[in-house]
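In: got a predicted structure here, sequence first:
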Amino acid sequence: MLIEFSVKNFLSFKEKVTLSMEKGTGDENLDNVISKDGLDLLKTAAIYGANASGKSNLFKAFTCAILMVRNSNLISVGGKWNFLKPFLFDETSKNNPSEFEFIFIANDVKYRYFFSADADRIYDEVLDAYYTQKPTNIFTRTKTDIYEFNSDKNKLVPLKSKNTENKLFLSTATNWNYEKTKDAYLWFSSAIDTYDAFNNISDQDLKEYSSNDKNLKGFALKLLKEADILIKDIHVDYEEKDMDSTMINMLIPPLVRTNGTFKMSNVNIELEHEIVDENNNSHNYKLNFSDESSGTRVLFALAPFLKKSFESTKIIIIDELEKSMHPALVEFIIKLFNNKEINKANSQLIFMTHATNLLNLDLLRRDQIWFTEKNSKTGISDLYPLDSFPVRKDENIQKGYINGRYGAIPFIRDVDLWLEDK
(Lines give C-alpha, C1' and ligand atoms only; values in the text may rest on other atoms or scores of the structure.)
Protein backbone atom coordinates (compact mmCIF):
# COMPACT_ATOMS: atom_id res chain seq x y z
CA MET A 1 0.00 0.00 0.00
CA LEU A 2 1.12 3.51 -0.73
CA ILE A 3 1.50 5.88 2.22
CA GLU A 4 2.92 8.87 0.35
CA PHE A 5 4.75 9.90 -2.79
CA SER A 6 6.95 12.99 -3.20
CA VAL A 7 8.61 14.53 -6.24
CA LYS A 8 10.90 17.52 -6.72
CA ASN A 9 12.47 19.16 -9.77
CA PHE A 10 10.56 17.09 -12.31
CA LEU A 11 8.73 18.78 -15.20
CA SER A 12 6.59 21.57 -13.70
CA PHE A 13 7.25 20.54 -10.09
CA LYS A 14 10.25 22.67 -9.14
CA GLU A 15 9.72 22.43 -5.38
CA LYS A 16 8.95 19.28 -3.45
CA VAL A 17 5.28 18.27 -3.43
CA THR A 18 3.79 15.31 -1.58
CA LEU A 19 0.68 13.25 -2.24
CA SER A 20 -0.31 11.65 1.06
CA MET A 21 -2.65 8.67 1.28
CA GLU A 22 -2.84 8.96 5.07
CA LYS A 23 -6.23 9.75 6.54
CA GLY A 24 -6.67 13.29 7.78
CA THR A 25 -9.05 14.47 10.47
CA GLY A 26 -12.75 13.68 10.26
CA ASP A 27 -14.78 10.54 10.86
CA GLU A 28 -16.93 10.65 7.72
CA ASN A 29 -16.93 7.88 5.08
CA LEU A 30 -14.83 5.51 7.17
CA ASP A 31 -15.41 2.72 4.63
CA ASN A 32 -13.03 4.73 2.43
CA VAL A 33 -10.24 4.15 4.95
CA ILE A 34 -7.86 1.21 5.44
CA SER A 35 -6.75 0.67 9.04
CA LYS A 36 -3.58 -1.41 9.25
CA ASP A 37 -0.86 -1.66 11.92
CA GLY A 38 -1.75 1.68 13.45
CA LEU A 39 -1.95 3.43 10.08
CA ASP A 40 -5.13 4.82 8.53
CA LEU A 41 -4.77 4.98 4.76
CA LEU A 42 -7.14 6.13 2.02
CA LYS A 43 -8.41 3.74 -0.63
CA THR A 44 -8.86 6.37 -3.32
CA ALA A 45 -7.58 9.84 -4.21
CA ALA A 46 -8.86 12.20 -6.91
CA ILE A 47 -6.60 14.91 -8.36
CA TYR A 48 -8.16 17.96 -10.03
CA GLY A 49 -6.70 20.93 -11.83
CA ALA A 50 -6.85 23.04 -14.96
CA ASN A 51 -5.26 21.86 -18.18
CA ALA A 52 -1.44 22.13 -17.98
CA SER A 53 -1.64 22.65 -14.20
CA GLY A 54 0.46 19.58 -13.34
CA LYS A 55 -2.02 16.69 -13.06
CA SER A 56 -0.48 14.73 -15.90
CA ASN A 57 3.02 15.68 -14.73
CA LEU A 58 2.29 14.05 -11.39
CA PHE A 59 1.17 10.96 -13.31
CA LYS A 60 4.40 11.11 -15.33
CA ALA A 61 6.43 11.43 -12.13
CA PHE A 62 4.90 8.22 -10.79
CA THR A 63 5.47 6.49 -14.13
CA CYS A 64 9.05 7.72 -14.49
CA ALA A 65 10.13 6.55 -11.03
CA ILE A 66 8.42 3.16 -11.34
CA LEU A 67 9.91 2.48 -14.78
CA MET A 68 13.37 3.44 -13.60
CA VAL A 69 13.23 0.83 -10.83
CA ARG A 70 11.80 -1.83 -13.16
CA ASN A 71 14.19 -1.18 -16.04
CA SER A 72 17.37 -0.37 -14.14
CA ASN A 73 18.82 -3.82 -14.71
CA LEU A 74 18.17 -3.49 -18.45
CA ILE A 75 19.82 -0.13 -19.12
CA SER A 76 23.23 -0.37 -20.74
CA VAL A 77 26.39 1.22 -19.42
CA GLY A 78 26.28 4.82 -20.59
CA GLY A 79 22.58 4.57 -21.40
CA LYS A 80 20.35 7.56 -20.69
CA TRP A 81 17.04 7.95 -18.87
CA ASN A 82 15.67 10.20 -21.60
CA PHE A 83 12.19 10.51 -20.10
CA LEU A 84 13.60 12.07 -16.91
CA LYS A 85 13.17 15.83 -17.32
CA PRO A 86 13.91 18.46 -14.61
CA PHE A 87 12.17 21.84 -14.22
CA LEU A 88 13.59 23.78 -17.16
CA PHE A 89 12.43 27.33 -16.40
CA ASP A 90 15.24 27.97 -13.95
CA GLU A 91 18.99 28.10 -14.57
CA THR A 92 19.75 26.16 -11.37
CA SER A 93 16.98 23.56 -11.46
CA LYS A 94 17.58 22.51 -15.05
CA ASN A 95 21.10 21.40 -14.08
CA ASN A 96 20.07 19.61 -10.87
CA PRO A 97 18.78 16.05 -10.52
CA SER A 98 15.12 15.17 -10.08
CA GLU A 99 14.08 13.63 -6.76
CA PHE A 100 11.53 10.90 -5.99
CA GLU A 101 10.45 9.40 -2.68
CA PHE A 102 8.01 6.59 -1.89
CA ILE A 103 6.81 5.53 1.54
CA PHE A 104 4.90 2.27 1.27
CA ILE A 105 4.03 -1.07 2.83
CA ALA A 106 5.22 -4.28 1.19
CA ASN A 107 4.74 -7.70 2.73
CA ASP A 108 3.63 -6.04 5.99
CA VAL A 109 6.83 -3.98 6.30
CA LYS A 110 6.93 -0.21 5.90
CA TYR A 111 9.66 1.11 3.60
CA ARG A 112 11.02 4.51 2.60
CA TYR A 113 12.79 4.63 -0.75
CA PHE A 114 14.40 7.80 -2.13
CA PHE A 115 16.55 8.50 -5.15
CA SER A 116 17.75 11.50 -7.13
CA ALA A 117 18.85 11.25 -10.73
CA ASP A 118 19.26 12.97 -14.05
CA ALA A 119 19.32 11.44 -17.51
CA ASP A 120 22.92 10.27 -17.09
CA ARG A 121 23.31 9.03 -13.53
CA ILE A 122 21.89 8.26 -10.10
CA TYR A 123 23.17 10.71 -7.49
CA ASP A 124 21.59 9.66 -4.18
CA GLU A 125 19.64 6.59 -3.14
CA VAL A 126 18.31 5.45 0.25
CA LEU A 127 16.29 2.45 1.38
CA ASP A 128 14.98 2.30 4.96
CA ALA A 129 12.88 -0.53 6.39
CA TYR A 130 10.68 -0.16 9.47
CA TYR A 131 10.90 -3.57 11.12
CA THR A 132 10.07 -1.69 14.33
CA GLN A 133 8.90 1.88 14.95
CA LYS A 134 12.41 3.11 14.16
CA PRO A 135 13.84 2.89 10.64
CA THR A 136 16.61 0.45 9.79
CA ASN A 137 18.82 1.69 6.98
CA ILE A 138 19.40 -1.02 4.37
CA PHE A 139 21.74 1.12 2.28
CA THR A 140 22.59 4.75 1.60
CA ARG A 141 24.21 5.94 -1.60
CA THR A 142 25.56 9.47 -2.11
CA LYS A 143 27.49 11.21 -4.87
CA THR A 144 26.76 8.31 -7.23
CA ASP A 145 29.37 5.84 -5.99
CA ILE A 146 29.70 6.34 -2.22
CA TYR A 147 27.81 3.63 -0.30
CA GLU A 148 27.07 3.11 3.38
CA PHE A 149 25.95 -0.24 4.76
CA ASN A 150 25.03 -0.62 8.42
CA SER A 151 24.78 -4.41 8.22
CA ASP A 152 25.41 -7.31 5.85
CA LYS A 153 28.54 -5.58 4.60
CA ASN A 154 30.02 -8.90 3.47
CA LYS A 155 27.03 -9.32 1.12
CA LEU A 156 26.57 -5.73 0.00
CA VAL A 157 30.10 -4.46 -0.50
CA PRO A 158 30.78 -6.89 -3.41
CA LEU A 159 27.57 -5.68 -5.10
CA LYS A 160 28.94 -2.14 -5.48
CA SER A 161 31.10 -3.34 -8.35
CA LYS A 162 28.03 -4.87 -10.01
CA ASN A 163 26.30 -1.49 -10.10
CA THR A 164 26.98 1.36 -12.53
CA GLU A 165 26.47 5.10 -12.23
CA ASN A 166 23.18 5.01 -14.16
CA LYS A 167 21.64 2.04 -12.33
CA LEU A 168 19.62 1.94 -9.12
CA PHE A 169 21.26 -0.11 -6.38
CA LEU A 170 17.83 -1.34 -5.23
CA SER A 171 17.45 -3.17 -8.54
CA THR A 172 21.05 -4.35 -8.72
CA ALA A 173 21.08 -5.75 -5.17
CA THR A 174 17.81 -7.59 -5.76
CA ASN A 175 19.06 -8.95 -9.07
CA TRP A 176 22.03 -10.40 -7.18
CA ASN A 177 19.72 -12.08 -4.67
CA TYR A 178 20.08 -9.74 -1.70
CA GLU A 179 17.04 -10.70 0.36
CA LYS A 180 16.42 -7.45 2.26
CA THR A 181 15.79 -5.42 -0.90
CA LYS A 182 13.59 -8.03 -2.54
CA ASP A 183 10.17 -7.07 -1.13
CA ALA A 184 10.72 -3.38 -1.82
CA TYR A 185 11.77 -4.09 -5.40
CA LEU A 186 8.85 -6.47 -6.00
CA TRP A 187 6.46 -3.76 -4.80
CA PHE A 188 7.66 -1.57 -7.68
CA SER A 189 7.63 -4.41 -10.18
CA SER A 190 4.19 -5.83 -9.47
CA ALA A 191 2.16 -3.90 -6.88
CA ILE A 192 1.96 -0.41 -8.42
CA ASP A 193 1.02 0.49 -12.00
CA THR A 194 0.13 3.58 -14.02
CA TYR A 195 -2.32 3.69 -16.92
CA ASP A 196 -2.79 6.54 -19.38
CA ALA A 197 -6.60 6.41 -19.57
CA PHE A 198 -6.36 3.28 -21.76
CA ASN A 199 -6.16 5.62 -24.75
CA ASN A 200 -4.44 3.14 -27.03
CA ILE A 201 -5.63 -0.33 -26.12
CA SER A 202 -3.17 -2.94 -27.38
CA ASP A 203 -3.23 -6.71 -27.56
CA GLN A 204 -1.00 -6.70 -24.48
CA ASP A 205 -3.78 -4.94 -22.52
CA LEU A 206 -6.16 -7.72 -23.55
CA LYS A 207 -3.80 -10.66 -23.10
CA GLU A 208 -5.38 -11.58 -19.75
CA TYR A 209 -8.42 -12.80 -21.67
CA SER A 210 -6.33 -15.31 -23.64
CA SER A 211 -6.48 -17.82 -20.78
CA ASN A 212 -10.25 -18.07 -21.21
CA ASP A 213 -10.58 -17.64 -17.45
CA LYS A 214 -14.29 -18.02 -16.68
CA ASN A 215 -13.98 -15.89 -13.55
CA LEU A 216 -12.44 -13.02 -15.54
CA LYS A 217 -15.11 -13.30 -18.21
CA GLY A 218 -17.79 -13.29 -15.55
CA PHE A 219 -16.27 -10.23 -13.88
CA ALA A 220 -16.03 -8.37 -17.21
CA LEU A 221 -19.61 -9.22 -18.16
CA LYS A 222 -20.85 -8.07 -14.77
CA LEU A 223 -18.92 -4.80 -15.06
CA LEU A 224 -20.34 -4.17 -18.55
CA LYS A 225 -23.84 -4.95 -17.29
CA GLU A 226 -23.46 -2.37 -14.52
CA ALA A 227 -22.65 0.12 -17.27
CA ASP A 228 -25.89 -0.84 -19.00
CA ILE A 229 -23.91 -2.55 -21.77
CA LEU A 230 -25.55 -5.93 -22.27
CA ILE A 231 -23.02 -8.44 -23.60
CA LYS A 232 -24.09 -12.09 -23.53
CA ASP A 233 -20.71 -13.76 -24.00
CA ILE A 234 -17.05 -13.19 -24.80
CA HIS A 235 -15.13 -15.16 -27.44
CA VAL A 236 -11.33 -15.06 -27.44
CA ASP A 237 -8.81 -16.38 -29.97
CA TYR A 238 -5.16 -15.97 -28.96
CA GLU A 239 -2.01 -16.83 -30.86
CA GLU A 240 1.69 -16.09 -30.80
CA LYS A 241 3.76 -15.91 -33.98
CA ASP A 242 7.52 -15.89 -34.42
CA MET A 243 8.72 -12.51 -35.58
CA ASP A 244 11.01 -12.21 -38.57
CA SER A 245 14.13 -10.04 -38.35
CA THR A 246 12.45 -7.07 -40.04
CA MET A 247 9.62 -7.02 -37.50
CA ILE A 248 12.05 -7.38 -34.60
CA ASN A 249 14.10 -4.45 -35.84
CA MET A 250 10.96 -2.33 -36.08
CA LEU A 251 10.08 -3.34 -32.48
CA ILE A 252 6.40 -3.69 -33.20
CA PRO A 253 4.58 -3.98 -29.84
CA PRO A 254 3.54 -5.99 -28.00
CA LEU A 255 6.58 -8.25 -27.79
CA VAL A 256 6.77 -11.47 -25.83
CA ARG A 257 10.14 -13.13 -25.31
CA THR A 258 9.83 -16.89 -25.10
CA ASN A 259 12.70 -19.39 -25.01
CA GLY A 260 15.13 -16.83 -26.32
CA THR A 261 13.03 -15.91 -29.36
CA PHE A 262 10.83 -12.92 -30.04
CA LYS A 263 7.16 -13.57 -30.59
CA MET A 264 4.26 -11.29 -31.44
CA SER A 265 1.02 -11.85 -29.58
CA ASN A 266 -2.33 -11.45 -31.29
CA VAL A 267 -5.62 -11.41 -29.39
CA ASN A 268 -8.84 -11.54 -31.37
CA ILE A 269 -11.91 -10.83 -29.25
CA GLU A 270 -15.56 -10.87 -30.23
CA LEU A 271 -18.36 -9.75 -27.95
CA GLU A 272 -21.69 -11.50 -28.38
CA HIS A 273 -24.80 -9.30 -28.26
CA GLU A 274 -28.34 -10.58 -27.81
CA ILE A 275 -30.71 -8.51 -29.93
CA VAL A 276 -34.52 -8.66 -29.86
CA ASP A 277 -36.26 -7.99 -33.18
CA GLU A 278 -39.65 -6.39 -33.78
CA ASN A 279 -41.36 -9.78 -33.32
CA ASN A 280 -39.74 -10.18 -29.89
CA ASN A 281 -37.46 -12.93 -31.15
CA SER A 282 -33.90 -13.05 -29.78
CA HIS A 283 -30.86 -13.23 -32.05
CA ASN A 284 -27.19 -13.42 -31.13
CA TYR A 285 -24.65 -11.35 -33.05
CA LYS A 286 -20.89 -11.21 -32.61
CA LEU A 287 -19.08 -7.91 -32.92
CA ASN A 288 -15.32 -7.60 -33.15
CA PHE A 289 -13.74 -5.77 -30.22
CA SER A 290 -12.38 -3.06 -32.53
CA ASP A 291 -15.93 -2.28 -33.68
CA GLU A 292 -17.27 -1.70 -30.16
CA SER A 293 -17.73 1.80 -28.74
CA SER A 294 -14.76 3.46 -27.06
CA GLY A 295 -16.50 3.24 -23.67
CA THR A 296 -17.07 -0.50 -24.03
CA ARG A 297 -13.45 -1.06 -25.04
CA VAL A 298 -12.10 0.98 -22.11
CA LEU A 299 -14.24 -0.91 -19.59
CA PHE A 300 -13.32 -4.25 -21.12
CA ALA A 301 -9.59 -3.44 -20.96
CA LEU A 302 -9.95 -2.14 -17.41
CA ALA A 303 -11.75 -5.26 -16.10
CA PRO A 304 -8.65 -7.51 -15.65
CA PHE A 305 -6.85 -4.80 -13.69
CA LEU A 306 -9.86 -4.21 -11.45
CA LYS A 307 -10.28 -7.92 -10.81
CA LYS A 308 -6.61 -8.30 -9.86
CA SER A 309 -6.89 -5.31 -7.55
CA PHE A 310 -9.74 -6.88 -5.62
CA GLU A 311 -7.83 -10.17 -5.26
CA SER A 312 -4.39 -8.87 -4.18
CA THR A 313 -3.20 -5.50 -2.96
CA LYS A 314 -2.44 -3.13 -5.85
CA ILE A 315 -2.02 0.59 -6.40
CA ILE A 316 -3.53 1.73 -9.70
CA ILE A 317 -2.84 5.25 -10.99
CA ILE A 318 -4.92 6.39 -13.97
CA ASP A 319 -4.68 9.66 -15.88
CA GLU A 320 -8.11 10.92 -17.02
CA LEU A 321 -10.11 8.04 -15.59
CA GLU A 322 -13.35 9.49 -16.97
CA LYS A 323 -12.18 9.45 -20.59
CA SER A 324 -14.74 7.63 -22.80
CA MET A 325 -16.82 6.68 -19.73
CA HIS A 326 -20.09 8.08 -18.45
CA PRO A 327 -19.66 10.04 -15.17
CA ALA A 328 -21.98 7.62 -13.36
CA LEU A 329 -19.74 4.71 -14.34
CA VAL A 330 -16.62 6.47 -13.03
CA GLU A 331 -18.45 7.02 -9.76
CA PHE A 332 -19.33 3.32 -9.71
CA ILE A 333 -15.65 2.31 -10.10
CA ILE A 334 -14.67 4.59 -7.21
CA LYS A 335 -17.37 3.00 -5.07
CA LEU A 336 -15.97 -0.45 -5.90
CA PHE A 337 -12.60 0.55 -4.45
CA ASN A 338 -14.14 2.23 -1.41
CA ASN A 339 -16.39 -0.78 -0.65
CA LYS A 340 -14.78 -3.03 1.96
CA GLU A 341 -16.82 -6.08 0.89
CA ILE A 342 -15.61 -5.81 -2.72
CA ASN A 343 -12.11 -4.37 -2.24
CA LYS A 344 -11.09 -6.94 0.35
CA ALA A 345 -7.42 -6.70 -0.68
CA ASN A 346 -7.36 -3.00 0.30
CA SER A 347 -6.10 -1.86 -3.09
CA GLN A 348 -5.80 1.84 -3.84
CA LEU A 349 -6.94 3.92 -6.81
CA ILE A 350 -5.35 7.29 -7.60
CA PHE A 351 -6.75 9.15 -10.58
CA MET A 352 -6.43 12.48 -12.35
CA THR A 353 -9.73 13.91 -13.54
CA HIS A 354 -11.84 16.85 -14.69
CA ALA A 355 -15.13 15.16 -13.66
CA THR A 356 -16.65 17.67 -11.25
CA ASN A 357 -19.62 15.38 -10.52
CA LEU A 358 -17.26 13.36 -8.31
CA LEU A 359 -16.73 16.37 -6.05
CA ASN A 360 -19.27 15.01 -3.61
CA LEU A 361 -18.56 14.56 0.09
CA ASP A 362 -20.95 11.60 0.18
CA LEU A 363 -18.59 9.84 -2.23
CA LEU A 364 -15.15 11.12 -1.23
CA ARG A 365 -13.68 12.41 2.01
CA ARG A 366 -12.13 15.87 2.12
CA ASP A 367 -8.66 14.30 2.41
CA GLN A 368 -9.25 12.23 -0.74
CA ILE A 369 -9.53 15.27 -3.01
CA TRP A 370 -6.39 17.02 -4.24
CA PHE A 371 -5.65 19.92 -6.56
CA THR A 372 -2.79 20.93 -8.83
CA GLU A 373 -2.28 24.58 -9.70
CA LYS A 374 0.43 26.20 -11.80
CA ASN A 375 1.74 29.69 -11.19
CA SER A 376 1.28 31.44 -14.55
CA LYS A 377 4.31 33.68 -13.95
CA THR A 378 6.86 31.13 -12.75
CA GLY A 379 5.52 27.98 -14.43
CA ILE A 380 5.78 26.10 -11.12
CA SER A 381 3.07 23.58 -10.16
CA ASP A 382 1.81 23.02 -6.64
CA LEU A 383 -0.17 20.12 -5.15
CA TYR A 384 -2.49 20.49 -2.16
CA PRO A 385 -5.50 18.73 -0.58
CA LEU A 386 -9.06 19.99 -0.14
CA ASP A 387 -8.77 19.58 3.63
CA SER A 388 -6.18 22.37 3.69
CA PHE A 389 -9.25 24.63 3.37
CA PRO A 390 -11.91 25.14 6.09
CA VAL A 391 -14.54 22.97 4.37
CA ARG A 392 -17.75 21.98 6.14
CA LYS A 393 -18.92 18.36 5.93
CA ASP A 394 -22.13 19.47 4.21
CA GLU A 395 -20.52 21.97 1.83
CA ASN A 396 -21.25 21.88 -1.90
CA ILE A 397 -17.64 21.45 -2.98
CA GLN A 398 -18.52 21.01 -6.65
CA LYS A 399 -19.99 24.50 -6.68
CA GLY A 400 -17.10 25.83 -4.61
CA TYR A 401 -14.54 24.37 -7.03
CA ILE A 402 -16.29 25.72 -10.14
CA ASN A 403 -16.47 29.13 -8.49
CA GLY A 404 -12.72 29.06 -7.84
CA ARG A 405 -12.81 28.82 -4.06
CA TYR A 406 -10.05 26.17 -3.98
CA GLY A 407 -8.08 27.42 -6.98
CA ALA A 408 -6.91 24.87 -9.57
CA ILE A 409 -9.25 26.15 -12.31
CA PRO A 410 -8.35 28.02 -15.50
CA PHE A 411 -8.85 31.77 -15.73
CA ILE A 412 -10.76 32.18 -18.98
CA ARG A 413 -11.56 35.59 -20.36
CA ASP A 414 -14.96 36.58 -21.67
CA VAL A 415 -15.60 35.90 -25.36
CA ASP A 416 -16.26 39.61 -25.99
CA LEU A 417 -12.76 40.44 -24.74
CA TRP A 418 -11.30 37.84 -27.07
CA LEU A 419 -13.15 39.46 -29.97
CA GLU A 420 -11.80 42.87 -28.99
CA ASP A 421 -8.17 41.73 -29.29
CA LYS A 422 -6.49 43.05 -32.42
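Out: Structure received.

In: packing partners of the helix or strand where D183 lies?
Out: Secondary structure assignment for D183, by DSSP states H and E: helix 182-186. On a contact count with 3 or more Cβ pairs under 8 Å, 6 or more residues apart in numbering; DSSP states H and E, helix 182-186 meets strand 98-106, strand 109-117, helix 169-175. All C-beta spots, glycine's among them, are computed from the backbone N, C-alpha and C.

In: for R297, grab the count of nearby residues.
Out: 20 (other Cβ atoms under 10 Å).

In: which secondary structure element contains V236?
Out: strand 233-242.

In: again but with I317, I slipped
Out: strand 315-319.

In: can you name the element that comes right after that strand?
Out: Per DSSP H and E, the first helix or strand lying C-terminal to strand 315-319 is helix 327-338.

In: pull out the buried residues from that following helix.
Out: L329, V330, E331, I333, I334, L336, F337, N338 (16 or more other Cβ atoms under 10 Å).

In: going by distance to L30, which of these wins?
Out: Among these, N338 lies closest to L30 (Cβ to Cβ), at 10.2 Å.

In: residue contacts, the closest one?
Out: By Cβ atoms under 8 Å, 6 or more residues apart in numbering, the contact set of N338 is N29, D31, N32, K43, T44, L363.

In: need these in a markdown table with secondary structure and pLDDT, can you?
Out: Shown next, in a markdown table, are the contacts of N338 (DSSP: H, G, I helix; E, B strand; the rest coil; pLDDT from 0 to 100):
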| residue | secondary structure | pLDDT |
| --- | --- | --- |
| N29 | coil | 90 |
| D31 | helix | 92 |
| N32 | helix | 94 |
| K43 | coil | 96 |
| T44 | strand | 96 |
| L363 | coil | 93 |
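
In: buried ones among those?
Out: For the contacts of N338, a burial check counting by 16+ other Cβ under 10 Å picks out N29, N32, K43, T44, L363.

In: how much space separates A345 from I3?
Out: Distance of A345 to I3, given as Cβ to Cβ, to the nearest Å: 17 Å.

In: isn't M1 up against S35?
Out: No - the pair M1 / S35 is not scored as a contact, 11.3 Å apart, by Cβ atoms under 8 Å.

In: please identify which of these two sits among more neighbours.
Out: Neighbour count, other Cβ under 10 Å: between M1 and S35, M1 has more, with 23 against 11.

In: quick one: secondary structure of N268?
Out: Three-state call for N268 (DSSP: H, G, I helix; E, B strand; the rest coil): strand.

In: bridged to it, which residues?
Out: N268 has the following beta-bridge partners by DSSP bridges: D237.

In: and it, what's its pLDDT?
Out: For N268, the pLDDT comes out at 84.

In: once you drop chain neighbours, what's closest to A65?
Out: F100 (4.1 Å; Cβ to Cβ, 6 or more residues apart in numbering).

In: just the pLDDT at the one you found, thanks.
Out: pLDDT for F100: 98.

In: from memory it sits against V7, does it?
Out: Yes - under the criterion of Cβ under 8 Å, F100 makes contact with V7 at 5.6 Å.

In: what touches both of the two?
Out: A61, A65.

In: what mean pLDDT does stretch 65-85 have?
Out: Averaging the model's pLDDT scores along stretch 65-85 yields 93.
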